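Trainee: Sharing a model prediction with you, sequence too.
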Amino acid sequence: MKLQANFLCALTLFLSASFGMLHAQDTNVTTEFGVKGGFNMSNLVNSGDDPDDNNILYGFNAGVYATLPISDFVAIQPEILFTTKGAELEYNNAFATGDAKFRLNYIEVPLLVRVNVTKNFNIHAGGYASYLVSSKVTGSGDFDFNQDIDTDDLAKFDAGVSAGLGVDFNPISIGLRYNYGLTTVGKERTVAGTTYTFPDAKNSNLTLYLSYKLN
């Protein structure tokens, strides 16, 4: 998604400028425990290709988080989330018209380094690991279908990198985060002497989230 690429470029530039301002700000990080949830815009990226904006699948994430300070303005932030990913394909040809949605549901564990740039503004980056708990493909249009996919036919584990920013209004925070998978969704297999991976694609996910501090 072009929005995701622009977001990452802007975040990189902002990170470079932010660390020079930390000493002049009230950036105290405190221990937090809370719940969070949000709205996902997901896609699948084929190896060597850019995400196609037309294949965005909308979904959600929900879970818990903790913020554990390691200095006055830096903290480690682990999370445990249920999150949906995948992609949507629309088709319109001489034979059929409709859409197909490929849904992947994960238990995801991000581990992030959070930096408070100001008292109410943070940036965070790190990685995540996910376990695939279910998957299905659904379609509507000239052909309607709803079929579960055996998770043994796909890669059970996914891992990738994350980066984002957040605005804090104690006890509520809102933020934007981008996750990019480093492993393929499909599993390698051999048929008739030919080895291939299907689907040979990686997860791409932009999340708008809301969190609530419980302590």
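Mentor: Sure thing, it's come through.
Trainee: wait, isn't residue 134 in contact with residue 152?
Mentor: No: Residue 134 lies out of contact with residue 152 (C-beta atoms under 8 Å); the separation is 11.9 Å. Heads up, the C-betas are built off the backbone N, CA and C, glycines and all.
Trainee: So between the two, which is more surrounded?
Mentor: Shown here are residue 134 and residue 152; by other C-beta atoms under 10 Å, residue 134 has more neighbours (12 against 8).
Trainee: That one belongs to a strand, doesn't it?
Mentor: Yes: under DSSP: H, G, I helix; E, B strand; the rest coil, residue 134 falls within a strand.
Trainee: can you give me the strands in the protein?
Mentor: 32-46, 57-69, 74-92, 97-118, 121-141, 145-148, 157-169, 172-184, 187-191, 194-198, 201-213 (DSSP state E).
Trainee: Least reliable of these by average pLDDT, please.
Mentor: Among these, strand 194-198 carries the lowest mean pLDDT, at a mean of 68.
Trainee: which of the residues in stretch 177-188 are buried?
Mentor: 177-181, 184-186 (16 or more other C-beta atoms under 10 Å).
Trainee: Give me the distance between that stretch and the centre of its chain.
Mentor: Taking C-alpha atoms, centre = their mean, to the nearest Å, one finds the center of stretch 177-188 at 10 Å from the center of the full chain.
Trainee: Please apply the same query to stretch 107-126.
Mentor: Centre to centre, stretch against its chain (C-alpha atoms, centre = their mean), the figure for stretch 107-126 is 14 Å.
Trainee: Now the terminal residues of that stretch, how far apart.
Mentor: Using C-alpha to C-alpha, to the nearest Å, the end-to-end distance of stretch 107-126 comes out at 17 Å.
Trainee: mind listing what's buried in that stretch?
Mentor: Per 16+ other C-beta under 10 Å, stretch 107-126 contains these buried residues: 108-110, 112, 114-118, 121-126.
Trainee: do the same with stretch 32-45
Mentor: For stretch 32-45, by 16+ other C-beta under 10 Å, it's 32, 34, 36-38, 40-45.
Trainee: Spatially, what comes nearest to residue 36 if we skip its sequence neighbours?
Mentor: Spatially, and ignoring its direct neighbours in sequence, residue 36 is nearest to residue 211 (3.6 Å; C-beta to C-beta, 6 or more residues apart in numbering).
Trainee: Can you tell me which of the buried residues of stretch 107-126 comes closest to residue 73?
Mentor: residue 116 (4.7 Å; C-beta to C-beta).
Trainee: For the closest residue to residue 164 other than its chain neighbours, which residues are in contact?
Mentor: Sequence neighbours aside, residue 177 is the residue nearest to residue 164 in space, at 3.1 Å (criterion: C-beta to C-beta, 6+ apart). Residues counted as contacts of residue 177 (C-beta atoms under 8 Å, 6 or more residues apart in numbering) are 124, 162-165, 206-207, 209.
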